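> Sequence and predicted structure, then a few things I'm wondering about:
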Amino acid sequence: MTMDQFPPIMFAGLVLFMLIGFPVAFSLAALGLASGFFAIEMGWFPAAFMGNLPISIFSILNNELLLAIPFFTFMGTILEKCGLAEDMLDSMGQLFGPRRGGIGYSVIIVGFILGAITGTVAGQVIAMALISLPVMMKYNYNMRYATGVLAASGTITQLVPPSLVLVVLADQLGRPVGDMYKGAWGPSILQVAMFAIYTFALTRIKPDYLPPIPITERTLQGWSLWKKCLRGIVPSAVLIFTVLGSMGGLPMQDSAIATPTEAGAMGVVGALILAAMSKRLTTALIWEAMSGTMRLTAMVVFILIGSRVFSQVFQGVDGSMWVEHLLTGLPGGQVGFLIVVNVFVFFLAFFLDFFEIAFIIVPMLAPVADKMGIDLIWFGVLLCVNLQTSFMHPPFGFALFYLRGIADTLFKDKRIPVPVKSNDIYMGAIPWVMMQIILVVVVIFLPQSVTMFLDKKVEIDIDKVTIEMPAEEAGPTVELKPGELPKPKEESPDSAAADEKAAADEQKKIDDLFKK
């Protein structure tokens, strides 16, 4: 076996381990170490190469950007548990309910707002399903639409800043988090608009699918209703603009006053204040949020260590060159590369979590994309749009599992009259997955949807660069007689002696250097 044949074998082994279902972090480390010892035995690199692993692992764990992950996770968990979703869904449902599809619109809007402050798919899907699913079933909403809109609105959180996915992708691609956030605003707004347009079209094509709620069912009217809506939206908006604005993550913003880690810390303080304002800040809430943050952070660290072991050995056997030759030879240039990569990531997301894809697959793809002249912010946001489908596509989408579980709980508690069929959940997800795939296509062929909010690059035309030198001061005017030549400038004896001494010293240095 030659070294050129080994990278595809390593990659095939990686896929096999993932399909078997072993924990990815430990599988990566074991595969990397076994491959490394085999490569040493074959003489492909020295044993000292593996001695660099501890230094490499400590270098990635010293990355301050990754500190933003526990901060944003803690902030999202606090806001998820403090009842903010329930308050907004209740008020928005009453505001839009009397219109056809009103509850669907409220779920989409609240999903977008919660996505910008919580960042957790599980909590968002569960919170919205607990409140909205019984109401939708009470007023005879189509079951497939109801389950689909609840699951899809929960996955928006993967794309809306300050998404954890964007933080991780920014780290792996070596780009500023603020730029990644600014690039994600366009696709986020497009995604919400597509969901709303689909809901509107359904109210016209199948009006009985999304009936209005009788206005007499409202428990609040007039200013009391608007006040309850604003009480949930205004503090959330202040928190969003504070966190994102401080790190330069808002559209048309060209400066930042805080790092992502500092912005995450401010977000935690803001989340605790919001929880205290709603009188739900308890010791149990804080302990639960800390436990969830600790588990997620530990998982990320172990995946990072395993992926670093695997990637170092993979690069040692020229795996990066194999990937580059494999992908740069695809027909279609940049577009062909992006289509193949997104199809690959789409199917890979059936089996892998977005953290695993970001830490394992993205480092292999990013250098190739950069060499092909693809803007890495565009590339990262495109992958993020694609990764949100991993929570939705049947039968492995985690959002569908969360919805399945909460629907069973609601039926056991007799809050819904009939059980929700698994077939309705899976079939209901298909139109929303198709809309997410359409958004992937739009971002591929319309990169301006990502780059329109980014700072414009300053381009310099070297041919037009001019260098102006200050004019020398004119000396005294000398009048010459006809036929007389100007006299050469006489050099003072002192300056001539100084020049001779400098030349002698320089020659002495050169002679001493040769002697050594």
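Okay, I see it. Residues are numbered from 1 along each chain as shown.

> just the helices in the stretch 251-400 of the chain please.
For the stretch 251-400 of the chain, the helices defined by DSSP state H, counting those that start in this stretch occupy 260-277, 283-316, 319-328, 333-348, 354-360, 362-371, 376-387, 398-412.

> wait, the stretch 101-250 of the chain
102-115, 121-138, 143-155, 164-173, 177-205, 222-246.

> which parts of the fifth one are buried?
What it means is helix 177-205. Residues 177-188, 190-192, 194-196, 198-199, 202-203 are the ones in helix 177-205 that count as buried (16 or more other CB atoms under 10 Å). Every C-beta, even on glycine, is put in place using the N, C-alpha and C of the backbone.

> now the angle between helix 102-115 and that helix, please.
Inter-element angle recorded for helix 177-205 and helix 102-115: 180 degrees (by axes from the mean of the first three to the mean of the last three CA atoms, to 10 degrees).

> Check which helices and strands helix 177-205 sits against.
helix 102-115, helix 143-155, helix 164-173, helix 376-387, helix 422-445, helix 448-451 (3 or more CB pairs under 8 Å, 6 or more residues apart in numbering; DSSP states H and E).

> what's the distance between the longest one and the middle of its chain?
To tie it back to what came earlier, the one meant is helix 422-445. 20 Å (CA atoms, centre = their mean, to the nearest Å).

> Numbering from 20 from now on, please.
Sure, I'll start counting at 20 from here, so that last one is helix 441-464.

> For that helix, buried residues please.
443-445, 447-448, 450-452, 454-456, 458-459, 461-463.

> swap in stretch 21-28?
Buried residues in stretch 21-28 (16+ other CB under 10 Å): 22, 25, 26.

> Could you look up the SS state of the residue nearest to the first one when sequence neighbours are not counted?
Once flanking residues are discounted, residue 22 sits nearest to residue 63: 4.7 Å by CB to CB, 6 or more residues apart in numbering. In terms of secondary structure, residue 63 is coil; the call rests on DSSP: H, G, I helix; E, B strand; the rest coil.

> picking that back up, so which of the helices of the stretch 120-269 of the chain is nearest residue 79?
helix 183-192 (9.1 Å; CB to CB).

> show me the contacts for residue 170.
For residue 170, the contacting residues are 144, 410, 411, 416, 418, 419, 421, 422, 444, 447, 448, 451, by CB atoms under 8 Å, 6 or more residues apart in numbering.

> go with 6 Å
By CB atoms under 6 Å, 6 or more residues apart in numbering, the contact set of residue 170 is 418, 419, 422, 448.

> Correct me if wrong: the first one contacts residue 172.
No - at 9.5 Å, residue 418 and residue 172 do not qualify as touching, with contact defined as CB atoms under 6 Å.

> show me where pLDDT drops low in this protein?
Along the chain, the model assigns pLDDT under 70 to residues 40, 104, 137-139, 236-239, 413-415, 474-523, 525-526, 528-535.

> Centre-most residue in it?
residue 185 (1.4 Å; CA atoms, centre = their mean).

> right, and residue 180 touches residue 269 too?
No - the criterion here is CB under 6 Å, and residue 180 misses it with residue 269 at 8.5 Å.

> more neighbours, the two?
Set residue 180 next to residue 269 and count neighbours by other CB atoms under 10 Å: residue 180 wins out with 24 against 19.

> For residue 131, see how far away the more buried one is.
11 Å (CB to CB, to the nearest Å).

> Residue 37 too?
In terms of CB to CB, residue 37 sits 32 Å off from residue 131.

> Report how many residues lie close to the closest residue to residue 84 other than its chain neighbours.
Nearest residue to residue 84, sequence neighbours excluded (CB to CB, 6+ apart): residue 190, at 5.1 Å. By other CB under 10 Å, 22 other residues sit near residue 190.

> I'd assumed residue 86 was in contact with residue 190.
No - in this structure, residue 190 is not within contact of residue 86 by CB under 6 Å, at 10.8 Å.

> Can you report how many residues neighbour residue 65?
Neighbours of residue 65 under the rule other CB under 10 Å: 11.

> and the gap between it and residue 442?
In terms of CB to CB, residue 65 sits 58 Å off from residue 442.

> same question, residue 78
If you go by CB to CB, the gap between residue 78 and residue 442 works out to 50 Å.

> hmm, back to that, more neighbours: residue 37 and residue 131, which one.
Comparing residue 37 with residue 131 by other CB under 10 Å, the one with more neighbours is residue 131, at 20 against 17.

> Tell me which residues touch that one, please.
Taking CB under 6 Å, 6+ apart, we find residue 131 in contact with 175, 211.

> for residue 114, same thing?
residue 248 are the contacts of residue 114 under CB under 6 Å, 6+ apart.

> Same question for whichever strand or helix holds it: list its buried residues.
Element membership for residue 114, per DSSP states H and E: helix 103-115. In terms of neighbour count (16+ other CB under 10 Å), helix 103-115 has its buried residues at 103, 104, 106, 107, 108, 109, 110, 111, 112, 113, 114, 115.

> next one: stretch 288-303
For stretch 288-303, by 16+ other CB under 10 Å, it's 289, 290, 291, 293, 294, 297, 300.

> What of stretch 333-350?
If you call a residue buried by 16+ other CB under 10 Å, then stretch 333-350 has these buried ones: 333, 335, 336, 337, 338, 339, 341, 342, 343, 346, 349.

> before we move on, what about stretch 59-73?
59, 63, 64, 69, 72.

> same question, stretch 268-279
268, 269, 272, 275, 277, 278, 279.

> Outside of that stretch itself, list whatever touches it.
Against stretch 268-279 from outside (CB under 6 Å, 6+ apart): 87, 180, 196-197, 200-201, 204, 263, 265-267, 472, 474.

> Give the closest residue to residue 179 in space, chain neighbours not counted.
Once flanking residues are discounted, residue 179 sits nearest to residue 134: 3.8 Å by CB to CB, 6+ apart.

> Residue 367 now?
That would be residue 376: by CB to CB, 6+ apart, it lies 6.2 Å from residue 367.

> didn't residue 439 look like it was pressed against residue 424?
No - the criterion here is CB under 6 Å, and residue 439 misses it with residue 424 at 10.7 Å.

> Name the residue in the two with the higher neighbour count.
residue 439 (22 against 14).

> Can you classify that one by secondary structure?
Recorded secondary structure, residue 439: coil (three-state DSSP).

> Tell me the backbone dihedrals of it, please.
Per-residue torsions, residue 439: phi -90, psi 130 (degrees, to the nearest 10).

> Could you check how far it is from residue 170?
Distance from residue 439 to residue 170, counting by CB to CB: 12 Å.

> I'd like to know how many residues surround the closest residue to residue 100 other than its chain neighbours.
Leaving aside its chain neighbours, residue 100 sits nearest to residue 304 (5.3 Å; criterion: CB to CB, 6+ apart). Residues near residue 304, counting by other CB under 10 Å, number 16.

> State the distance from residue 304 to residue 262.
According to CB to CB, residue 304 stands 20 Å off from residue 262.

> How about residue 371?
For residue 371, the distance to residue 262 - CB to CB - is 28 Å.

> What of residue 187?
17 Å.

> What are the buried residues along the helix or strand containing residue 96?
Secondary structure from DSSP H and E places residue 96 in helix 87-100. Across helix 87-100, burial judged by 16+ other CB under 10 Å covers 87-100.
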